[in-house]
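Visitor: Sequence below, structure please.
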Amino acid sequence: MYIFEEIVGNEQMIHQIQKSILKKHISHAYIIHGEAGSGKKLLANTIAKTLQCQKQQATPCNACSSCLTFDSKNHPDIFYIKAEKNKNSISVEDIRQQLIKNMEIKQYKYPFKIFIIDKADTMTISAQNALLKTLEEPPYYGILFLLANNVDRFLPTILSRCVVIKLKPVATNKIEQYLIEHHFAEKENSSVFAEYAQGSIGKAIEIASSETFYEMREDIIQKLLSLNRKNLSETLLMAKELETYKQSQQFLDLIYLWYRDLLIYIKCQDIKYVIQKDQQKNIIAQSKKENETSIIKKTEAIWQAKQQLSVNSNFQLTMEVMLMKLKES
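Guide: Below you'll find the predicted structure:
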């Protein structure tokens, strides 16, 4: 529906945006940044739909011709810019052909001509420079939304000419509530999805809808339970087996979550604080073999591995080192 009432979290920021819309204090360019699945597209589309709504209220009316046309994905004055040739980056030609050329023509019918650039932080330097002139001398009807995971990839000249909106992680309890209310998860497993999503409703929906999530989690937990029984060659083989999850690398969050639950149980001796309650028997049994100090060391090893993979370290070597630390701690 793309209405502000459907956006979960970031309430104060949403209120400020709606206030600006009502007062008509709208910038010509915004950078919306946050983690993948944080709701960047949802927010940009909601603002765009509201700005074009003929009722000119703080949220779309969903009844006027603009709202109905938007919902049919055929709005004549809202454009989506994307990479055409190289899917990994937005080129200068993409910006010139899809945006600059189009911006020269006035809006067709509605108040603004709005351009939404997904993955705008993948724009090449030349593409950013080409966009700069439009940002410096925007037409009165033109509004840009640049969606990004990493604002550090923008030129300082781009950043200085845009209003930057940072989306904060959504509270875990709100994600749980959203999953239950929208029938993505049952109450008993919503906490696992919400915690694993790390503040991202989009990520929570993705894993709750995934047929392979539980299989991956079960595989990871069984590997961790058997780790202390493995010899060196078997441990190295386990590192090789983890390459199955190399593409997402989110399996490290599952490993971290397992040790988090172990630590909580060891400290509190109460299963109600454990997120993965369906693993109660394994957690209680494993807690008798662990101690607080060793688990803290293990979580540090996981964090180090995650940092190393983020800078493109050798995957298997990183996993070997991590598993050895998990085994020895």
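
Visitor: pLDDT below threshold where in this protein?
Guide: Applying pLDDT under 70 to the chain flags residues 329.

Visitor: Pick out the residue nearest the middle of it.
Guide: Centroid-nearest residue in the chain, with C-alpha atoms, centre = their mean: residue 36, separated by 2.2 Å.

Visitor: so which strand or helix has that residue?
Guide: Per DSSP states H and E, residue 36 falls between elements, in no helix or strand.

Visitor: doesn't residue 149 make contact with it?
Guide: Yes: taking contacts as C-beta atoms under 8 Å, residue 36 lies within contact range of residue 149: 6.1 Å. C-betas here are computed from N, CA, C, even on glycine.

Visitor: just the strands in the stretch 51-200 of the chain please.
Guide: Applying DSSP state E, counting those that start in this stretch to the stretch 51-200 of the chain gives strands spanning 78-81, 113-117, 142-148, 163-166.

Visitor: In TSV, list the ones you listed along with distance to residue 200.
Guide: Converted to TSV, the strands of the stretch 51-200 of the chain look like this (distance: least, C-beta to C-beta, whole Å):
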stretch	distance to residue 200
strand 78-81	22
strand 113-117	20
strand 142-148	14
strand 163-166	14
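
Visitor: Quick one: the ones you listed as TSV, columns for distance to residue 43 and mean neighbour count too.
Guide: What follows is these, written out as TSV (distance: least, C-beta to C-beta, whole Å; neighbours: other C-beta atoms under 10 Å):
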stretch	distance to residue 43	mean neighbour count
strand 78-81	14	20
strand 113-117	10	24
strand 142-148	9	24
strand 163-166	7	15
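
Visitor: Just tell me which of those strands ends up closest to residue 250.
Guide: Closest to residue 250 of those, according to C-beta to C-beta: strand 142-148, at 20.4 Å.

Visitor: and the closest one, what does it pack onto?
Guide: The contact analysis (3 or more C-beta pairs under 8 Å, 6 or more residues apart in numbering; DSSP states H and E) places strand 142-148 against strand 29-33, helix 40-52, strand 113-117, helix 125-136.

Visitor: Now tabulate these in a markdown table and tack on distance to residue 92.
Guide: Shown next, in a markdown table, are the helices and strands packed on strand 142-148 (distance: least, C-beta to C-beta, whole Å):
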| stretch | distance to residue 92 |
| --- | --- |
| strand 29-33 | 18 |
| helix 40-52 | 22 |
| strand 113-117 | 13 |
| helix 125-136 | 4 |
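
Visitor: can you tell me which residues contact the residue nearest to the centre of the chain?
Guide: 149, 200, 202-203 (C-beta atoms under 8 Å, 6 or more residues apart in numbering).

Visitor: Kindly recompute the last result at 10 Å.
Guide: Shown in contact with residue 36 (C-beta atoms under 10 Å, 6 or more residues apart in numbering): 149, 200, 202-203, 206.

Visitor: cool, residue 256 as well?
Guide: Residue 256 neighbours (C-beta under 10 Å, 6+ apart): 196, 298-299, 302-303, 305-306.

Visitor: And residue 210, by the same measure?
Guide: 193, 216.

Visitor: residues touching the residue of the chain most remote from its centre, list them.
Guide: Most distant residue from the mean C-alpha position of the chain: residue 231, 37.9 Å away (C-alpha atoms, centre = their mean). Taking C-beta under 10 Å, 6+ apart, we find residue 231 in contact with 237, 327.

Visitor: now with 7 Å?
Guide: If you count contacts by C-beta atoms under 7 Å, 6 or more residues apart in numbering, residue 231 has none.

Visitor: any idea how far it lies from residue 268?
Guide: Using C-beta to C-beta, to the nearest Å, residue 231 is found at 34 Å from residue 268.

Visitor: What of residue 154?
Guide: 44 Å.

Visitor: Neighbour count for those two, which is higher?
Guide: residue 154 (20 against 11; other C-beta atoms under 10 Å).
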